[in-house]
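> Structure of the sequence below:
(one chain, ligands or ions: 1)
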Amino acid sequence: MSTISSDIKINRVLESKLSKTNLQDIPFGRVFTDHMFIAHYIDGEWTQMEIKGIENFSLHPSNLALHYGQSIFEGMKASKNADGQPLFFRPDEHIKRLNRSADRMCMPHFPEDLFLEVVSELVNIDKDWIPDMEGSSLYIRPLMFAMDEFLGVAPSERFKFVILLLPVGPYYDKPVKLIADPQFVRAVKGGTGEAKTSGNYAASLYPSKLAKSKGYDQILWLDGVNNSLIQEVGTMNIFFVFDDHIATPLADGAILKGITRMSFIQLLKDRGYDVRERHISIEEVMESGKNGSLIEVFGSGTAAVATTVEQITYGEESIHFESDKAKIAPELKSYIEDLRNGRIEDTYGWIKKA
Ligand code: COI
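Have a look, this model is predicted:
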């Protein structure tokens with residue numbers, strides 16, 4: 001056993017599972033590395049911090065997170081450069097967003113410096129798990145959830161914070177088909193849509209299942225007031241490339257403020273595009289798709305990176321985009337992947353060595 005700072009124990013596993021894992025064939029979300037980080041929030045402070053082999057938790061059946069969903073998470077990525085040095089993409093933004101989600105969900109902040117320290121230590125311990133294949137990386141899933149054993153609807157006073165690592169391939173390995181279905185709503189302004197909290201994802205399960213049963217990959221969420229303004233996809237934010245500008249829905253409190261979204265807005269502006277964060281209605285998108293002024297649509301996200309949209313369906317109508325003619329999404333994707341793998345100079349200061 002060793003420690004990184006006075007309070008964090010490190011207990012490495014005796015035998016790695018890596019030699020029994022095929023990193024060439026990794027479905028998203030099912031393969032975990034050897035170690036996890038865990039910390040407990042008790043009596044107003046983070047304590048009992050440890051890096052150790054992944055193991056199950058023991059939870060009381062009245063655990064408040066299970067009943068009322070007081071649970072938040074993040075998704076970030078590590079890749080490695082040609083020397084095998086693990087590199088993070090914008091980890092400072094991810095911990096800031098986790099703490100904003102914590103505010104919305106009545107949860108404690110996890111200190112930014114401590115997060116950067118423990119996530120670096122964890123990724124360095126499991127760095128051999130970072131896949132080499134183009135488009136693959138190590139997905140990092142920080143998770144915080146309530147630990148009080150109480151059936152009253154009230155914020156918990158005790159929490160667990162965990163960081164899991166997963167080697168992953170692309171979340172979407174082909175262009176996607178989306179359906180905008182006004183009978184379902186993911187989030188409304190004033191709700192929890194901007195927080196990365198479990199309930200937002202729970203709300204998406206049934207409509208997404210229905211969409212998949214009809215041959216679509218995901219829902220294109222519309223706002224709950226007008227049932228018209230496009231919000232996001234649930235697994236990613238969305239960009240529309242019109243003939244005279246690029247638009248993405250305004251982050252009005254009901255959509256997740258994606259870190260990839262924010263990065264793409266900056267990259268596109270710096271390439272001279274007129275990028276507008278604005279209200280975009282589904283009617284405008286369908287009309288522009290039909291009259292040819294909407295040229296390309298793509299999603300952005302940590303897991304999804306830049307995923308081309310090949311079809312949007314709304315009511316009886318569908319618009320189609322030839323994915324092999326998509327220009328912007330493939331350009332952004334290759335730039336981000338070159339940055340993440342240290343193949344190009346990081347002029348933005350987005351990459352941090354683990
Ligand atoms: C991410 O992109 O990190 C997410 O959390 C989306 C999730 C659906 C995998």
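
> Next, the contact list for Leu250, please.
Leu250 sits next to Glu277, Arg278, His279 when contact means CB atoms under 8 Å, 6 or more residues apart in numbering. The C-beta positions use only the backbone N, C-alpha and C, and glycine is treated the same way.

> Pick the one among these closest to the ligand.
Glu277 (19.4 Å; CB to the nearest ligand atom).

> Next, give phi and psi for that closest one.
Phi and psi for Glu277, reported as degrees, to the nearest 10, are phi -90, psi 110.

> still on that earlier bit, neighbour-wise, which one of the contacts of Leu250 leads?
Neighbour counts for the contacts of Leu250 (other CB atoms under 10 Å) peak at His279, which has 15 neighbours.

> can you tell me which residues contact it?
Listed by CB under 8 Å, 6+ apart, the contact partners of His279 are Leu229, Pro249, Leu250.

> And these, which is closest to the ligand?
Once CB to the nearest ligand atom is applied, the member of the contacts of His279 that ends up nearest the ligand is Pro249, at 16.7 Å.

> gap between Met133 and Asn227?
41 Å (CB to CB, to the nearest Å).

> swap in Glu337?
To Asn227, Glu337 is 37 Å away according to CB to CB.

> So which of these two has more stuff around it?
Neighbour count, other CB under 10 Å: between Glu337 and Asn227, Glu337 has more, with 19 against 15.

> can I assume the more buried one sits in a helix?
Yes: looking at Glu337 with DSSP: H, G, I helix; E, B strand; the rest coil, it is inside a helix.

> per-residue pLDDT, it?
For Glu337, the pLDDT comes out at 95.

> For the nearest residue to Ser62 once chain neighbours are set aside, name its beta-bridge partners.
Of all residues not flanking Ser62 in the chain, Glu149 sits nearest, at 4.6 Å (CB to CB, 6 or more residues apart in numbering). Under DSSP bridges, the beta-bridge partners of Glu149 are Asn63.

> So Thr307 belongs to a strand, correct?
Yes: using three-state DSSP, the assignment for Thr307 is a strand.

> does it really touch Leu332, like I thought?
No: if you go by CB atoms under 8 Å, Thr307 and Leu332 don't touch, sitting 10.6 Å apart.

> And the most far-flung residue of the chain relative to its centre, how far from Val285?
Distance to the chain centre peaks in the chain at Asn291, reaching 33.2 Å (criterion: CA atoms, centre = their mean). Relative to Val285, Asn291 is positioned 11 Å away (CB to CB).

> chain center to the helix ranked longest in the chain: distance?
For the chain, the helix with the greatest residue count under DSSP state H is helix 198-213. Mean C-alpha position of helix 198-213 versus that of the full chain (CA atoms, centre = their mean, to the nearest Å) differs by 16 Å.

> average model confidence for that helix?
96.

> Next: stretch 268-276.
With pLDDT averaged residue by residue, stretch 268-276 scores 98.

> How far away from the center of its chain is it?
23 Å.

> same thing with stretch 137-146?
Its chain's C-alpha centre lies 10 Å from the corresponding centre of stretch 137-146 when counted by CA atoms, centre = their mean.

> ok, now stretch 265-275?
Offset of stretch 265-275 from its chain centre (CA atoms, centre = their mean): 22 Å.

> gap between Tyr172 and the ligand?
Tyr172 sits 10 Å away from the ligand, going by CB to the nearest ligand atom, to the nearest Å.

> Kindly report the residues of the stretch 151-300 of the chain close to the ligand.
Contact residues (CB under 6 Å from any ligand atom) of the stretch 151-300 of the chain with the ligand: Thr235.

> For the ligand, what is the nearest residue in the stretch 151-300 of the chain?
Residue nearest to the ligand within the stretch 151-300 of the chain: Thr235 (4.0 Å; CB to the nearest ligand atom).

> And the closest residue to the ligand within the chain, its phi and psi?
Residue nearest to the ligand within the chain (CB to the nearest ligand atom): Gly75, separated by 2.0 Å. The phi and psi values for Gly75, taken as degrees, to the nearest 10, are phi -140, psi 120.

> can you give me the helices for this protein?
Secondary structure of the chain (DSSP H): helices located at 64-68, 91-104, 112-125, 198-213, 259-270, 282-291, 328-340.

> Tell me the pLDDT of Gly315.
On pLDDT, Gly315 comes in at 97.

> phi, psi of it?
Gly315 has phi and psi values of phi 60, psi -130 when expressed as degrees, to the nearest 10.

> give me the number of residues near it?
Counted with other CB under 10 Å, Gly315 comes out at 11.

> who touches it in this structure?
By CB under 8 Å, 6+ apart, the contact set of Gly315 is empty.

> any idea how far it lies from Ser288?
For Gly315, the distance to Ser288 (CB to CB) stands at 16 Å.

> what do you get for Glu50?
With distances taken as CB to CB, Glu50 is found 53 Å from Ser288.

> Could you list the low-confidence segments of the stretch 101-250 of the chain?
The stretch 101-250 of the chain contains no residues with pLDDT under 70.

> can you give me the strands for it?
Assigned by DSSP state E, counting those that start in this stretch, the strands in the stretch 101-250 of the chain fall at 137-146, 159-168, 176-180, 218-219, 237-242, 246-249.

> Nearest to Gly258 among those strands would be which one?
Nearest to Gly258, of all the strands of the stretch 101-250 of the chain, is strand 237-242, at 4.3 Å by CB to CB.

> which other helices and strands contact that closest one?
With contacts defined as 3 or more CB pairs under 8 Å, 6 or more residues apart in numbering; DSSP states H and E, strand 237-242 has these neighbours: strand 246-249, helix 259-270, helix 282-291, strand 294-301, helix 328-340.
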